[in-house]
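> Any chance you can model this:
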Amino acid sequence: MTEYSGQCRCGAVRFEVVGSPLLTAACHCTGCQRMTAGPYSLSALYPADRFQLIEGETVLGGLKGAARHHCCEDCLSWLFTLPAGLDGLVNVRTAMLERASEFPPFAEFYRAEGLPGVASGASRSFDMAPSADEFLRLSESYRDWDGRPA
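Take a look at the predicted model:
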């Protein structure tokens, strides 16, 4: 399986992921808009055993609630999230990966909160978050999608 390296903006925190993610997505929720100062966040969801922090320390950012948003303690780049209710998974910010263009969003969530005129190019779209069953079907469909990395 291919290894993908990632880092924060200043390079103090470095990490690696292995293989194809379970899913890539764009989130248009207002929380992600505010965390990224952009129209949406991009992410790649990985099993925790295929994610490794190589160098540096992270601090918690965002609301510091059930989801744990990890940021570089120096430049404060948002690097990854440990999602609430999805134990054993890590949601990596796609833009932090060296070859980010190889991780286009397959699905997009919270379109109802999205900014007017902004599209992510995702194949699947949801006005809010998908249900658990829909999420499972999405990850199964993603496995066969020709846009995913190796």
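> Now do the helices in this structure.
When assigned using DSSP state H, the helices of the chain occupy the ranges 30-36, 132-143.
> Take the ones you listed and write them to JSON lines, including mean pLDDT, distance to F103 and mean neighbour count.
Yep, even glycine has a C-beta here, placed from its N, CA and C like the rest. Shown next, in JSON lines, are the helices of the chain (pLDDT from 0 to 100; distance: least, Cβ to Cβ, whole Å; neighbours: other Cβ atoms under 10 Å):
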{"stretch": "helix 30-36", "mean pLDDT": "95", "distance to F103": "15", "mean neighbour count": "17"}
{"stretch": "helix 132-143", "mean pLDDT": "91", "distance to F103": "11", "mean neighbour count": "14"}
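> Same list (these) but as a markdown table, adding distance to F15.
Below are the helices of the chain laid out as a markdown table (distance: least, Cβ to Cβ, whole Å):
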| stretch | distance to F15 |
| --- | --- |
| helix 30-36 | 18 |
| helix 132-143 | 21 |
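> Next, the angle from the lengthiest strand in the chain to helix 132-143.
Looking across the chain with DSSP state E, the single longest strand is strand 41-47. Angle, strand 41-47 to helix 132-143, by axes from the mean of the first three to the mean of the last three Cα atoms, to 10 degrees: 90 degrees.
> Can you pull up the most central residue in this protein?
In the chain, the C-alpha nearest the mean C-alpha coordinate belongs to S43, at 1.8 Å (Cα atoms, centre = their mean).
> quick one: that one and V13, what's the gap?
Computed as Cβ to Cβ, to the nearest Å, the S43 to V13 distance reads 17 Å.
> And stretch 63-81, what's buried?
A67, R68, H69, H70, C71, C72, S77, W78, L79, F80, T81 (16 or more other Cβ atoms under 10 Å).
> And these, which is the shakiest by pLDDT?
Lowest pLDDT among the buried residues of stretch 63-81: A67, with 90.
> And the closest residue in space to it that isn't next to it in sequence, its phi and psi?
Of all residues not flanking A67 in the chain, A84 sits nearest, at 4.5 Å (Cβ to Cβ, 6 or more residues apart in numbering). Dihedral pair for A84: phi -70, psi 130, per degrees, to the nearest 10.
> Would you map the strands across the chain?
Using DSSP E, the strands of the chain run over 3-7, 14-18, 23-27, 41-47, 51-55, 58-61, 68-72, 78-82, 89-93, 107-109, 124-125.
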